[in-house]
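Enquirer: Would you be able to build a 3D model of this:
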Amino acid sequence: MTDTPAPFTAADHAARLRRAESAAADAGLDGILVAPGPDLVWLTGYRPVETERLTLLVLRPGEEPVLVVPKLEAPDAARAAPALALRDWTDGQDPYRAAASLLGGTGGTGRYAVSDNAWAMHLLGLQRRLPDTSYVSLTDALPMLRAVKDPVELDRLAAAGAAADAAYEEIRTVRFAGRRETEVAADLAGLLRRFGHSQVDFTIVASGPNGADPHHEAGERTIERGDMVVLDFGGLKDGYGSDTSRTVHVGEPDAEERRVHDIVRAAQEEGFRAVRPGAACQDVDRAARAVIDEAGYGAYFVHRTGHGIGVTTHEPPYMVEGEERPLVPGMCFSVEPGIYLPGRFGVRIEDIVTVTEDGGRRLNTTSRELAIVD
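Expert: Residues are numbered from 1 along each chain as shown. Below you'll find the model as predicted:
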């Protein structure tokens with residue numbers, strides 16, 4: 001699981017750049033502006049330090065992609081993305097003049113999508129130079145740009161899922177009772193790294209009443225016998241995300257705890273069964289939610305059923321009511337219904353699923369039965 005895959009090639013990144021330019025043209029955009037972050041890494045392989053100095057990839061349909069970069073970082077950019085043309089600027093110069101010249105100069109107009117993590121100071125600086133331009137969030141304009149994964153990306157997501165599964169199998173063997181949530185969370189983080197994760201994004205360990213908070217941060221509560229414990233953990237392995245949830249019980253559960261877990265497990269199964277090409281994203285949410293509603297716990301399922309995953313652990317598409325976008329083979333997302341009973345306990349079960357030509361395939365394969373831990 002810790003074998004390092006071959007890096008993406010210049011041809012891979014060139015194809016992604018062409019896809020982005022084509023998508024921009026189809027959306028009626030004059031271009032895409034990409035700041036340091038996951039979009040820039042996905043498009044070019046370049047991961048610069050994110051600082052107050054402007055770095056910006058300018059993509060315009062029919063024109064050569066250009067990376068505006070501080071002069072002191074130009075050598076690193078040239079090595080990381082040798083196929084990109086560079087426009088460098090030096091400290092003391094106005095970096096927005098360099099960027100504006102690529103968009104038609106001071107008289108430039110047009111509508112551009114900007115990567116979501118661009119710094120406000122950089123966008124405002126560009127707007128001062130180009131007051132007749134307009135901007136929209138890249139996620140709003142092109143939400144599906146990274147959504148459909150190619151076979152190599154699917155392999156990396158599957159490997160990340162398998163590594164998270166291995167971490168879950170190991171964490172089930174550790175002692176829970178009498179230990180703080182933070183201690184078990186540290187065990188989980190260590191296991192994710194042991195199985196090949198370079199980055200741990202979250203390790204939710206929510207015991208007893210804390211399990212009723214879907215995004216509970218592991219705290220100093222001591223886990224007790226009789227507690228239900230929600231485990232939700234993931235991060236990046238070889239640049240692609242993992243994210244899985246299982247709920248365990250310390251000692252034997254009572255009848256209600258078993259029943260609620262069974263309902264969530266059935267809801268998760270129905271959500272998975274709704275995955276198929278052409279189905280709407282909201283169909284997955286509806287299928288899972290219907291099971292929980294019918295069981296009388298609808299008021300306690302307080303979040304969407306799923307989110308996309310790729311070079312980040314949360315990205316489009318989203319499995320939520322109102323999202324009518326159709327599922328396409330190669331999309332990857334979570335299916336994670338839950339029930340959260342305030343002051344008592346919570347249950348969540350989550351797998352990453354990819355859309356296939358005739359349905360869906362789980363990338364997490366550990367048991368979804370209620371596990372008993374010590």
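Enquirer: any idea where the helices of the stretch 51-200 of the chain begin and end?
Expert: Applying DSSP state H, counting those that start in this stretch to the stretch 51-200 of the chain gives helices spanning 74-80, 95-101, 120-129, 138-141, 151-171, 181-194.
Enquirer: Could I get the CA-only coordinates of stretch 298-309 as CSV?
Expert: Below are the C-alpha coordinates for stretch 298-309, written out as CSV (Å, rounded to 0.1, in the frame of the first residue of the first chain):
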residue,chain,number,x,y,z
GLY,A,298,-35.7,12.0,9.5
ALA,A,299,-35.2,15.0,11.8
TYR,A,300,-31.9,13.6,13.0
PHE,A,301,-30.3,13.2,9.6
VAL,A,302,-29.0,16.8,9.4
HIS,A,303,-26.5,16.8,6.5
ARG,A,304,-26.3,15.9,2.8
THR,A,305,-25.6,12.3,1.9
GLY,A,306,-22.3,12.9,0.1
HIS,A,307,-19.6,15.0,-1.4
GLY,A,308,-17.1,14.5,-4.2
ILE,A,309,-13.5,13.6,-3.5
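Enquirer: next one: that stretch to chain centre, how far?
Expert: Here stretch 298-309 shows a centroid-to-chain-centroid distance of 15 Å under the convention CA atoms, centre = their mean, to the nearest Å.
Enquirer: for the helix or strand bottoming out on mean pLDDT in the chain, packing partners?
Expert: Every helix and strand in the chain was compared by mean pLDDT, DSSP states H and E; the lowest is helix 95-101, with a mean of 91. Counting contacts by 3 or more CB pairs under 8 Å, 6 or more residues apart in numbering; DSSP states H and E, helix 95-101 packs against strand 66-70, strand 85-89, helix 120-129. The way it works is simple: take the backbone N, C-alpha and C, and place the C-beta from them, glycine included.
Enquirer: what comes up buried for that helix?
Expert: Judged by neighbour count (16 or more other CB atoms under 10 Å), helix 95-101 contains these buried residues: 95, 96, 98, 99, 100, 101.
Enquirer: circling back: among the helices of the stretch 51-200 of the chain, which comes closest to residue 5?
Expert: Nearest to residue 5 among those is helix 151-171 (6.3 Å), distances taken as CB to CB.
Enquirer: who's in contact with the closest one?
Expert: When contacts are defined by CB atoms under 8 Å, 6 or more residues apart in numbering, helix 151-171 is touched by residues 1, 5, 8, 12, 149, 184, 187-188, 191-192, 194-197, 231, 233-234, 236-244, 246, 309-310, 330, 332, 352, 354, 363-366.
Enquirer: Can I get it in PDB? Just the C-alpha atoms.
Expert: Output of helix 151-171 as PDB, limited to C-alpha atoms (Å, rounded to 0.1, in the frame of the first residue of the first chain):
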ATOM      1  CA  PRO A 151      -8.300   5.400 -14.700                       C
ATOM      2  CA  VAL A 152      -5.000   6.500 -13.100                       C
ATOM      3  CA  GLU A 153      -6.900   8.800 -10.800                       C
ATOM      4  CA  LEU A 154      -9.300   6.100  -9.900                       C
ATOM      5  CA  ASP A 155      -6.400   3.800  -9.100                       C
ATOM      6  CA  ARG A 156      -5.000   6.400  -6.700                       C
ATOM      7  CA  LEU A 157      -8.400   6.900  -5.000                       C
ATOM      8  CA  ALA A 158      -8.800   3.100  -4.700                       C
ATOM      9  CA  ALA A 159      -5.400   2.900  -3.100                       C
ATOM     10  CA  ALA A 160      -6.200   5.700  -0.700                       C
ATOM     11  CA  GLY A 161      -9.400   3.900   0.200                       C
ATOM     12  CA  ALA A 162      -7.700   0.700   0.800                       C
ATOM     13  CA  ALA A 163      -5.200   2.400   3.100                       C
ATOM     14  CA  ALA A 164      -8.000   3.900   5.100                       C
ATOM     15  CA  ASP A 165      -9.600   0.500   5.300                       C
ATOM     16  CA  ALA A 166      -6.400  -1.000   6.700                       C
ATOM     17  CA  ALA A 167      -6.300   1.800   9.300                       C
ATOM     18  CA  TYR A 168      -9.900   0.900  10.400                       C
ATOM     19  CA  GLU A 169      -9.100  -2.800  10.700                       C
ATOM     20  CA  GLU A 170      -6.200  -1.900  13.000                       C
ATOM     21  CA  ILE A 171      -8.000   0.700  15.100                       C
END
